[in-house]
Structures are given as C-alpha cells and as structure tokens.
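*Asks:* Fold the following for me, if possible:
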Amino acid sequence: MLKPTLHFETTSGHAIVCGIDEAGRGPWAGPVSAAAVILDRNNIPQGLNDSKKLTEAKREALFPQIIASSDVGIGFVSAQEIDKINILQATFLAMQRAVANLKSKPTLALIDGNRAPKLFCATQTIIGGDAKSLSIAAASIIAKVARDRLMVELDTQFPYYGFARHKGYGTAVHAMALAQHGPCTEHRRSFKPIAKLTIN
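*Replies:* The predicted structure follows:
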C-alpha cells in the first residue's frame, strides 16, 4: 500500500511548504473545517496517513504530536456562512482562514483535490493528496479531529440529534431526529434534506 511521502514538498523548489485539507463538506450540520500544516522535516510524527485510513484512536493520538512538532493553522466556517456562500466557497474560506492562522508564511500550499482557493502564495492541487503528501495527510488529521471534537461539544448543546455519534452526517438516526425535532441553528439549511423540512 502506498504511503504519503515528502516528494511534493522536497521537489517543489519552495522553502516553506504547507499542506491543506478539509473535513466536513458533506454533513447536514456543523461547520466545515480546514487545516494547514507546515511539517518540521526533521521531526515528523510516525504513522501519518490520510485521516480516512486511520482509526479514530490513531487520529486522536497523532493530533497532539502534529500540533507539537509542526506549524499548524485551523479554520472553521459555520453552517450559517455555508448557507450564505455555498459549500465550495465555504471550504475555500476555511482553507484561507487555516493558512492565515499559521505562524509562518508558506511560499507554496499543497491542496488536496483539484481546486484551490485564492491564497497569497503559490498553490498546487493534488488529487488524492492526503494519501500522497505527508503535509496534506497531517492536515487531513488535524481538520478531521478538530471538527469531530467541535461536533462532540455541539452535542451537549443540541442533544437530540446525536452529533457526537455521526458528526452531523446524514445517517438514519440523524434523519429521524430531524423529523421529530426539526433543524437547529447548526443545520445547513441550504442542503436539500434540511431545506425540505424548512419549506412551509
């Protein structure tokens, strides 16, 4: 199985390279998150990989190691902002906020996917980048864990929906809770399953 490497970082010709990835584009509720990570190439946590290929326990174990050893920026865009500007633009905004929260200014951003936000630095998109670039893999872990933790917090404010379990994704349990209780302020009203419930 292929593992992410520093190939894109070391062959880019750029001194300061960050990896960027997002989490939470698809859920019905909660924010979309993004992370930007500049790895210390001499101090890279072991086991970095696409967050989807790691267990929750492994992601939680790697999260503080990445924070401690790397320059990390995190950005969130709320459900209300998603409804105003659409999920693609919200994802780009989360990425911009993540980069703005880095301590260093990267000269190149490696971005998972095939579309890049407007940034002050050069950008390079990499399809499947979270499985190819260590910087993007690290960003995928940070974005996922940061968002999951926020959804667990929101579960205490809105206990009817099961946010701690499904993290806002469209599960049968979530659909049943919506049918019974209607949407809360954290639901994305521009998303079809929610829009159907709010059209009178």
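
*Asks:* Tell me the buried residues in stretch 10-26?
*Replies:* His14, Val17, Cys18, Gly19, Ile20, Asp21, Glu22, Ala23, Gly24 (16 or more other CB atoms under 10 Å). For glycine as for every other residue, the C-beta is placed from the backbone atoms N, C-alpha and C.

*Asks:* do stretch 40-47 as well
*Replies:* Result for stretch 40-47 [16+ other CB under 10 Å]: buried residues Ile44, Pro45.

*Asks:* what mean pLDDT does it have?
*Replies:* Stretch 40-47 carries an average pLDDT of 96.

*Asks:* now what about it, what contacts it?
*Replies:* Residues from elsewhere that reach stretch 40-47, judged by CB atoms under 8 Å, 6 or more residues apart in numbering: Leu6, Glu9, Thr10, Leu54, Lys58, Leu62, Gln65, Ile66, Ser69, Ser70, Leu134, Ala138.

*Asks:* Tell me the one of these nearest Ala179?
*Replies:* Leu54 (33.2 Å; CB to CB).

*Asks:* What is the lowest-mean-pLDDT helix or strand in the chain packed up against?
*Replies:* Ranking every helix and strand in the chain by mean pLDDT, DSSP states H and E puts helix 192-198 at the bottom, with a mean of 86. With contacts defined as 3 or more CB pairs under 8 Å, 6 or more residues apart in numbering; DSSP states H and E, helix 192-198 has these neighbours: helix 172-181.

*Asks:* name the helices or strands packed onto the helix it packs on?
*Replies:* Using 3+ CB pairs under 8 Å, 6+ apart, helix 172-181 sits against helix 163-166, helix 192-198.

*Asks:* let's see 7 Å
*Replies:* helix 163-166 (3 or more CB pairs under 7 Å, 6 or more residues apart in numbering; DSSP states H and E).

*Asks:* Show me what the helix or strand harbouring Ala61 is in contact with.
*Replies:* In this structure, Ala61 sits in helix 56-69 according to DSSP states H and E. Taking CB atoms under 7 Å, 6 or more residues apart in numbering as the criterion, the residues outside helix 56-69 that touch it are 37, 40, 43, 45, 47-48, 51, 72, 138, 141-142, 144-145.

*Asks:* change it to 6 Å
*Replies:* For helix 56-69, the surrounding residues in contact (CB atoms under 6 Å, 6 or more residues apart in numbering) are Asp40, Asn43, Pro45, Ser51, Ala138, Ile141, Ile142, Val145.
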